[in-house]
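Undergrad: got a predicted model here, sequence first, then my questions.
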Amino acid sequence: MPITAGVIDLFSVPPPDLLVRSTTSPVVLANPFSGAGSLACQGGGHNAYGLHWSVVSAPAGAGLSTRSLVVYQESFLSFSLHYTLADASVSVGDTLITGSAEGFYLFAIAHPTSLNFHILPGWTVHFDWMVQP
């Protein structure tokens, strides 16, 4: 077995069927969120492997699509992942911009240090980490 196999496993994300939403302590988030902020991606000994979001409230006239998946006419949520490298420098990873009323995003590389989010004025969003129980 190659020596890098164990190292690569440390940075891979488990399959979705092994993850749950962090709706109870110790990794529950203080919901709902609005505006801009930063969230630490680790807590209570658990690492986050993804983020689940759902809209709590939207401004009047935001509009919805008529499809079975609710997608607002404007993108209201963006977030980016930040990683701390071995030399203590910070690197920005994936960035997502969405107008979906609910969804989840699994990180491409596990163990980000933080997640910075921006929510448009008038919107509130509920966040849950995707964790491995």
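TA: Yes, it's here.
Undergrad: residues contacting the residue nearest in space to the middle of the chain?
TA: By C-alpha atoms, centre = their mean, the chain has its centre lying nearest to Leu51, at 2.7 Å. Taking C-beta atoms under 8 Å, 6 or more residues apart in numbering, we find Leu51 in contact with Phe79, Phe104, Tyr105, Leu115, Phe127, Asp128, Trp129, Met130. All C-beta spots, glycine's among them, are computed from the backbone N, C-alpha and C.
Undergrad: from the residues you listed, which is closest to Asp87?
TA: Set against Asp87, the nearest of the contacts of Leu51 by C-beta to C-beta is Leu115 (21.4 Å).
Undergrad: what about the helices in the protein?
TA: 5-10 (DSSP state H).
Undergrad: so how far is Ser78 from the closest residue to Ser57 other than its chain neighbours?
TA: Of all residues not flanking Ser57 in the chain, Thr124 sits nearest, at 4.8 Å (C-beta to C-beta, 6 or more residues apart in numbering). Counting by C-beta to C-beta, to the nearest Å, the gap from Thr124 to Ser78 is 15 Å.
Undergrad: what's around Gly63, how many residues?
TA: Counted with other C-beta atoms under 10 Å, the neighbours of Gly63 add up to 11.
Undergrad: wait, Leu81
TA: 23.
Undergrad: if we can go back for a sec, what about the residue nearest to Ser57, how many residues close to it?
TA: Neighbours around Thr124, by other C-beta under 10 Å: 14.
Undergrad: which residues touch it?
TA: Contact partners of Thr124, counting by C-beta under 8 Å, 6+ apart, are Pro32, Phe33, Ser34, Val55, Val56, Ser57.
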